[in-house]
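Student: Here's my sequence, what's the structure:
(chains A and B)
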Amino acid sequence: MTTPSDQGITQLLLAWSGGDQAALEKLTPLVYAELHRVAKGYMLGERPGHTLQTTALINEAYLRLIDWKNVRWQSRAHFFGIAAQVMRRILVDFARSRNYAKRGGGARQVPLDDAINVYEDPSAELIALDDALKSLAEVDRRKSQVVELKFFGGLSAEETAEALKVSPRTVEREWNLARAWLYRELRGKDEA
Amino acid sequence: MKPERWRQIERLFQTALGRGAAERAAFLDEACAGDEELRREAESLLAANEQVRQSDGFLNQTALQVAAQAIAGDQARSLVGRKIGRYQILSLLGAGGMGEVYLAQDTRLGRKLALKFLPQEFTRDLKRVQRFKQEARAASALNHPNIITIF
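Tutor: Okay, here's the model as predicted:
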């Protein structure tokens, strides 16, 4: 099932990895469109019996965005890495712009009384994770790549293994420790 | 943290995970050999691993899911489709840190208008409510084709 837009996304991802910054601006609305499609699924999913449909929607969204079937097998591993990086950039920027708007432009200091009433946006977790992941990369680059590929790229353990040229078992072990480390890091900040 | 230290912690973590809970303490006793800091670090990561494994938190989802849920949350709080007094809310025109503007139908006079609301999270904040009223009063004191009419 190949449509012109599938080809377009693949080309844009490759263009971005080749240094074309304008490609990111063209990719952003495509990712947003998928986000809204999945969000709609969540809205319907509040009714019982729709959970499976939501999972299918997410898988479809990733398939449309990271369409590795159109990529020659030699460059698949490389392509996974690019796609995950782009997803990270776009989704963290999405979270930043939302949380910036929520704080009324971010330039003002909010008194404590106001802060209590401010609704905590779930996407704020993505900003905190992005920061923690940068710290993790300094100690252990491969673990940060595992998280980028799996969490941001939505790739399976097998695809992540292929991208990093390691075994799926290694990915699983690396993911366990990375996830535990990140969880501790992020929870620590909440308590502080 | 030094890379060698991190590798040491990782070895402990992975080996301990492979052992049953009963054997784990004895294994850590032996492997850490009095290095209390190393033991604390390994134990804290093992505990975090247990907690995150059982949680339904965002680390067990994907970034796309987290972002989509944020959007779904907005829509759940939206006023679109509701009727407030004589105004039927049709669609969201725009939203910012200071308010949300909706397109609405005045069901009595049969005309369309824009309705501005203070974000829900600010409605209990007296200062913001005051500022909101002040903005409305200031704008309604003006009369010009390029300035909206307030009613």
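Student: Neighbours of B:Gly81, how many?
Tutor: Using other C-beta atoms under 10 Å in any protein chain shown, the number of residues around B:Gly81 comes to 9. Where you see a C-beta, it was placed from the backbone N, CA and C, and this is true even at glycine.
Student: Not including adjacent chain positions, what is the nearest residue to A:Gly153?
Tutor: A:Ala84 (2.9 Å; C-beta to C-beta, 6 or more residues apart in numbering or on different chains).
Student: Kindly apply the preceding question to B:Gly81 instead.
Tutor: Leaving aside its chain neighbours, B:Gly81 sits nearest to B:Ile89 (6.5 Å; criterion: C-beta to C-beta, 6+ apart).
Student: partners of the host helix or strand of the one you found, with directions?
Tutor: Remark: B:Ile89 resides in strand B:87-96, with elements defined by DSSP states H and E. The strands beside strand B:87-96 in its sheet (DSSP bridges) come out as strand B:83-84 (antiparallel), strand B:99-106 (antiparallel).
Student: Nearest to B:Asp29, out of those strands?
Tutor: Closest to B:Asp29 of these is strand B:99-106 (C-beta to C-beta; 58.9 Å).
Student: show me the contacts for A:Asp93.
Tutor: A:Thr28 (C-beta atoms under 8 Å, 6 or more residues apart in numbering or on different chains).
Student: what's next to stretch A:146-157, contact-wise?
Tutor: Here stretch A:146-157 makes contact (C-beta under 8 Å, 6+ apart) with A:58, A:62, A:66, A:80-81, A:83-85, A:87-88, A:91, A:129, A:133, A:136, A:159-160, A:163-164, A:168, A:171-172, A:174-175, A:178-179, A:182, B:59, B:62-64.
Student: Would you indicate which residues of it are buried?
Tutor: A:Val146, A:Val147, A:Glu148, A:Leu149, A:Lys150, A:Phe151, A:Phe152, A:Gly153, A:Gly154, A:Leu155, A:Ala157 (16 or more other C-beta atoms under 10 Å in any protein chain shown).
Student: Poorly predicted segments of chain B, please.
Tutor: Within chain B, the ranges that satisfy pLDDT under 70 run B:95-98, B:119-124, B:146-147, B:151.
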